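Enquirer: The following block contains a protein sequence and its predicted model.
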Amino acid sequence: MRPFGYITRDDGAGGNAECLAPPGWELKEGAAVITECEPGFYKEGWNKNPCLACGIGLTTLKNGSVSFDQCRIKPGWGIKTFVPLEAEMCNNSRYGDPEPRPVVASARCVPCTINLFTLDVLTGNATTTGYISEQDCITKPGWGLEISGIVAMCQEGLFNEGFNRQPCRECDAGFTSVETGSDSPTACVVRSGWSVDAKSGLPKPCDAGTFGTGGTAENVGGSCTACPTGFSTQKDESVAAEECSVCAAGYGGVNCTACGHNTYSTGGQAEGTECMPCAVGSVSARKAIDSAHCLAAMVDADNDYFPLSDDSHWTDDGSKNSVACSESCRTNTLCAMYRFTNGQGSPKCQLLLEVDSGPCVLYGSQLEPEWTGMYHIQGSRLYTDSLISA
């Protein structure tokens, strides 16, 4: 009877001395029968020797390995030393292989590309299995892996949450990040020269005459600020108050003051550029913005009638005929309009003068309500400003 399950190598063996454990088998201490070598162990030949360990970090592909050549490096591990033979877990921004590898000098842990890290480094939590692939090398927050393979900090206008192998992403249109190394879309604020529209919630460029310094962490949507009175910018999307360097339409001269009567400015001219004069025989209100706002100083209204909201604003003049009445108005710098009547042989000249205070409205022509060439006057001072419906 063969003890412990030993077997003989050849038929016709002469005694118990030839009862042995075959390759890949051993009799463990205290065991009743022999068993196969466990993974990570091997035994060569027919004998009663114990199985031998492949080494730290080494394994075998199955039970009952019969040679050291069957020893493999574990997935996620790499050779550390050959004397003594020892493998180490691939961690701390290094990786191994997803499959068991033969024990060769090249089977070491591979360092991640510079500025890429394994999760244990980024989180501070040790791994228990080791890293098995270059894909385990990931970016830290605020950095990106470009298609070229270069790893770099995200520049302004870009962000990346990290813990991935992605390039930095652009903020949405109209937004940017104010610092390098941004790691979240919440770091994106409206870009300089833009603001978020309160109604649509979408970013839009600041119009000419305004500027925007961009959003901040406290005010992501930013705001467009109007230039000081009389000043404007050359273009949309201005980013600083210094760009309010030209006169706005209707303004000119030193300090871009309001264009006076009978002058106009289309805007965009450098400070100090005087407002343009209206053509001879035409006048304008203050702050006129183009030559179309220069209207004829005097217009023959024939028999048309222009009612006032307060008829007492007419001032009697002693002129005895219409020519004299017209000349009296033309030579009076305060006269906006005259009317001459000759009812029942009693001539009467009346002038409509500009007033310093008190509401008075000159309504539109009753006969030609769409004719904008005529005076249309409203306000405490009477000028050719706008047509008022009766």
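Expert: Yes, it's here.

Enquirer: so where's the stretch 251-390 of the chain uncertain?
Expert: 297-309, 343-345, 355-390 (pLDDT under 70).

Enquirer: all helices for this structure, in order.
Expert: All helices of the chain, identified by DSSP state H, fall at 119-123, 322-330.

Enquirer: Just the buried residues of the first one, please?
Expert: To tie it back to what came earlier, the one meant is helix 119-123. Neighbour counts over helix 119-123 (16 or more other CB atoms under 10 Å) mark 119-121 as buried. C-betas here are computed from N, CA, C, even on glycine.

Enquirer: now the longest one
Expert: Of the residues in helix 322-330, 322, 325-326, 328-329 count as buried by neighbour count, 16+ other CB under 10 Å.

Enquirer: So what's the residue count around the nearest residue to Tyr95 once chain neighbours are set aside?
Expert: Take Tyr95 and drop its neighbours on the chain: the residue closest to it by CB to CB, 6 or more residues apart in numbering is Tyr131, 4.0 Å away. By other CB atoms under 10 Å, 27 other residues sit near Tyr131.

Enquirer: hang on, Tyr131 packs against Asn92?
Expert: No: with contact defined as CB atoms under 8 Å, Tyr131 does not count as touching Asn92 (9.4 Å).

Enquirer: Overlap of the contact sets of these two?
Expert: Thr118 (CB atoms under 8 Å, 6 or more residues apart in numbering).

Enquirer: on that earlier part again, give me the distance between the residue nearest to Tyr95 and Asn164.
Expert: Separation of Tyr131 from Asn164 (CB to CB, to the nearest Å): 15 Å.

Enquirer: circling back to that earlier point, could I get the buried residues of helix 119-123 as JSON lines with distance to Lys62?
Expert: Putting these into JSON lines (distance: CB to CB, whole Å) gives the following:
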{"residue": "Leu119", "distance to Lys62": "31"}
{"residue": "Asp120", "distance to Lys62": "30"}
{"residue": "Val121", "distance to Lys62": "34"}
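
Enquirer: Pick the one among the residues you listed closest to Ser346.
Expert: Leu119 (105.7 Å; CB to CB).

Enquirer: unless I'm mixing things up, Ile147 is touching Arg165, no?
Expert: No: if you go by CB under 8 Å, Ile147 and Arg165 don't touch, sitting 10.9 Å apart.

Enquirer: In terms of packing, which of the two has more residues around it?
Expert: Taking other CB under 10 Å, Ile147 and Arg165 do not tie; Arg165 has more neighbours (14 against 6).

Enquirer: Can you give me the neighbour number for the residue lying closest to that one once chain neighbours are set aside?
Expert: Setting aside the residues directly before and after it, Arg165 is nearest to Leu145 in space (CB to CB, 6+ apart), at 4.9 Å. Residues within reach of Leu145, counting by other CB under 10 Å, total 21.

Enquirer: I'd like the numbering to begin with 45 instead of 1 from here.
Expert: I'll keep to 45 as the first residue from here, and by that count the last item is Leu189.

Enquirer: Leu189 reaches Gln210, doesn't it?
Expert: Yes: using CB under 8 Å, Leu189 makes contact with Gln210 at a distance of 6.5 Å.

Enquirer: Pull the contacting residues for the closest residue to Thr307 other than its chain neighbours.
Expert: Leaving aside its chain neighbours, Thr307 sits nearest to Cys319 (3.8 Å; criterion: CB to CB, 6+ apart). Contact partners of Cys319, counting by CB under 8 Å, 6+ apart, are 295-297, 303-304, 307-309.
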